[in-house]
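Undergrad: Kindly generate the corresponding structure for this input.
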Amino acid sequence: MIDINRYTLANGLRVVHHEDNTTQMVALNLLYDVGARDEAPEHTGFAHLFEHLMFGGSINVPDYDAPVQNAGGENNAWTNNDITNYYITLPRQNAETGFWLESDRMLSLDFNPRSLEVQRQVVIEEFKQRNLNQPYGDASHLLRDLAYKVHPYRWPTIGKEIDHIAQATMEEVKDFFFRFYAPDNAILAVTGHITFEDTVAMAEKWFGPIPRRHVRPRSLPKEPRQTEERRLSVERNVPVDALYMAFHICDRNHPDYYAFDMMSDLLCNGRSSRFIQHLVQEKQLFNNIDAYISGSIDDGLFHITGKPAPGVTLEEAEAAVWQELRLLAETDVEEEELEKVKNRYESEQIFNNLNYLNVATNLAYFELTGKAEDINGEVEKYRAVTAGQIKQAAQQTFVHENCSVLYYKAKTSAN
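TA: Just a heads-up that it's a prediction; the model follows:
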């Protein structure tokens with residue numbers, strides 16, 4: 001059981017805290033409730049650009065990294081379609097440095113043309129390396145665009161097109177910052193060797209003076225139910241063919257979320273999982289295959305991706321996947337098989353929450369999706385999933401009219 005304290009500043013910043021005196025370190029995890037889903041279709045990639053811009057200097061601190069290193073700390077950030085997450089770890093005696101640095105970034109960035117140009121080029125280069133010049137790099141763009149028609153999940157975090165970042169103006173960047181990077185749109189999780197009283201005092205001292213920005217409520221279009229199979233076939237300069245399949249599933253807070261997460265493990269987590277046993281080892285139809293859920297806050301996707309073995313066509317590989325999915329939908333999972341997945345998840349959760357930084361990251365996320373205390377009930381929610389629930393969810397989900405299929409063909413192959 002993780003003991004949690006909470007406090008909300010007058011400007012709307014939510015603070016959640018867990019004291020852990022087994023470490024001499026402190027972690028600050030600052031989660032902003034903004035991701036790629038909050039971008040306009042003609043201005044994508046902004047949340048990811050800001051992940052970089054936030055390290056380019058703030059209004060009173062020209063160089064973010066130098067004070068962190070001088071204080072013996074480490075920091076990083078990541079963005080996805082739902083959130084932007086920043087974290088910093090510091091020795092306990094230097095914890096206040098983290099409050100100072102994060103609050104100054106929230107107050108205002110140093111909006112100068114040089115910083116924007118430097119970070120713009122970094123992001124453009126990342127786009128090129130990861131999505132244009134890397135084998136299978138555009139698969140995410142293609143599959144998202146196939147599966148989503150109206151919801152902003154239809155583009156990845158990096159952005160829809162490189163031009164959206166290349167042409168971003170300083171005014172557009174400033175507008176995006178002051179709309180979303182605000183105390184009333186953020187959650188600060190503090191864990192490690194620090195008392196709740198010290199946490200509140202430092203939060204008030206450094207974040208308290210930042211004005212509330214009255215962030216507008218999010219209003220996103222709901223993705224309509226998919227009613228027919230969608231297919232796309234492309235040819236690229238890649239070594240082997242690849243199969244991508246995506247099925248629409250529920251949102252993060254739906255009870256079936258846990259069933260889908262467990263289904264992905266049943267199919268493809270470990271040597272005894274069904275895809276690995278049946279399709280890789282026994283039938284030798286795939287060289288590798290994976291199944292996973294997007295885990296997104298709004299309605300997400302159940303992904304299946306794999307590379308067929310030499311001589312196996314994409315059609316044969318896809319047919320074999322469908323056979324396994326039908327089995328999941330038509331027969332109850334054996335209790336022993338289900339228990340193995342539940343035990344693995346429970347041990348992963350326990351191990352994950354031994355680390356003070358992981359706890360900070362998780363507390364901030366659970367506070368966003370519900371309340372931080374939900375972290376203590378996650379294992380029970382997985383434990384409560386039944387074979388019948390998995391079977392029913394599989395029956396409703398793994399149907400052709402709910403599927404988007406991408407055939408990613410190698411130009412040198414016979415097809």
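Undergrad: Who are the contact partners of residue 345?
TA: Residue 345 is in contact with 262, 265, 379, 382, counting by CB atoms under 8 Å, 6 or more residues apart in numbering. Glycine gets a C-beta too; all of them are placed from N, C-alpha and C.
Undergrad: Can you give me the distance of the first one to residue 295?
TA: Yep, that's residue 262 we're talking about. Taking CB to CB, to the nearest Å as the measure, residue 262 falls 13 Å from residue 295.
Undergrad: Those two: which is more packed in?
TA: Using other CB atoms under 10 Å, the more surrounded residue of residue 262 and residue 295 is residue 262, with 23 against 14.
Undergrad: How about the secondary structure of the more buried one?
TA: The local conformation at residue 262, judged by DSSP: H, G, I helix; E, B strand; the rest coil, is helix.
Undergrad: Surely it and residue 382 touch.
TA: Yes: using CB atoms under 8 Å, residue 262 makes contact with residue 382 at a distance of 6.5 Å.
Undergrad: which residues do these two both contact?
TA: In contact with both residue 262 and residue 382: 342, 345, using CB under 8 Å, 6+ apart.
Undergrad: residue boundaries of the strands in the stretch 251-400 of the chain?
TA: Using DSSP state E, counting those that start in this stretch, the strands found in the stretch 251-400 of the chain span residues 286-293, 301-308.
Undergrad: In CSV: those, plus mean pLDDT and mean neighbour count.
TA: Below are the strands of the stretch 251-400 of the chain laid out as CSV (pLDDT from 0 to 100; neighbours: other CB atoms under 10 Å):
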stretch, mean pLDDT, mean neighbour count
strand 286-293, 97, 19
strand 301-308, 98, 23
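Undergrad: Tabulate those strands (TSV), appending distance to residue 2.
TA: Formatted as TSV, the strands of the stretch 251-400 of the chain follow (distance: least, CB to CB, whole Å):
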stretch	distance to residue 2
strand 286-293	24
strand 301-308	29
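Undergrad: closest one to residue 248 among those strands?
TA: Of all those, strand 301-308 sits nearest to residue 248, with 6.4 Å by CB to CB.
Undergrad: So, low pLDDT: which residues of this structure?
TA: For the chain, applying pLDDT under 70 flags the ranges 413-415.
Undergrad: which residue is nearest the centroid of it?
TA: residue 80 (4.7 Å; CA atoms, centre = their mean).
Undergrad: residues touching it, list them.
TA: Here residue 80 is in contact with 35, 36, 157, 296 (CB under 8 Å, 6+ apart).
Undergrad: same thing but 10 Å
TA: 35, 36, 37, 47, 48, 156, 157, 294, 295, 296, 297 (CB atoms under 10 Å, 6 or more residues apart in numbering).
Undergrad: Just give me the neighbour total for the nearest residue to the first one once chain neighbours are set aside.
TA: So that's residue 35. Among residues not flanking residue 35 along the chain, residue 82 sits closest, at 4.3 Å (CB to CB, 6 or more residues apart in numbering). By the criterion of other CB under 10 Å, residue 82 has 26 neighbours.
Undergrad: try the one 4 residues further on
TA: Counted by other CB under 10 Å, the residues lying close to residue 86 total 24.
Undergrad: Test my guess that it contacts residue 27.
TA: No: using CB atoms under 10 Å, residue 86 makes no contact with residue 27, being 11.2 Å away.
Undergrad: Can you show me the strands along the stretch 1-150 of the chain?
TA: Counting by DSSP E, counting those that start in this stretch, the strands of the stretch 1-150 of the chain are 5-8, 14-19, 25-32, 74-79, 84-91.
Undergrad: Could you say which of those strands is packed most deeply?
TA: strand 25-32 (a mean of 26; mean count of other CB atoms under 10 Å).
Undergrad: chain center to stretch 242-257, what's the gap?
TA: Taking CA atoms, centre = their mean, to the nearest Å, one finds stretch 242-257 lying 14 Å from the centre of the chain it belongs to.
Undergrad: distance between the ends of that stretch?
TA: Taking CA to CA, to the nearest Å, stretch 242-257 runs 27 Å from one end to the other.
Undergrad: separation between the closest residue in space to residue 83 that isn't next to it in sequence and residue 327?
TA: In space, and not counting its chain neighbours, residue 83 is closest to residue 35: 5.1 Å by CB to CB, 6+ apart. Distance of residue 35 to residue 327, computed by CB to CB: 36 Å.
Undergrad: In terms of neighbours, single out the busier of those two.
TA: The neighbour count for residue 35 versus residue 327, taken as other CB under 10 Å, is higher for residue 35 (22 against 13).
Undergrad: That one contacts residue 48, doesn't it?
TA: Yes: counting by CB under 10 Å, residue 35 does reach residue 48; the two are 8.9 Å apart.
Undergrad: got any residues that touch both of these two?
TA: Shared contacts of residue 35 and residue 48, counting by CB under 10 Å, 6+ apart, come down to 79, 80, 84, 157.
Undergrad: Now do residue 186 against residue 329, distance only.
TA: 42 Å.
Undergrad: So between the two, which is more surrounded?
TA: Ranked by neighbour count (other CB under 10 Å), residue 186 and residue 329 place residue 186 first, with 27 against 17.
Undergrad: Could you tell me the phi and psi values at that one?
TA: According to degrees, to the nearest 10, the main-chain angles of residue 186 amount to phi -140, psi 160.
Undergrad: Tell me who's in contact with it.
TA: 11-15, 30-34, 84, 86, 102, 106, 180, 207, 210, 215, 364, 368.
Undergrad: Equivalent analysis for residue 401, please.
TA: 225, 226, 227, 228, 229, 230.
Undergrad: Since that was my last question, I'll sign off now.
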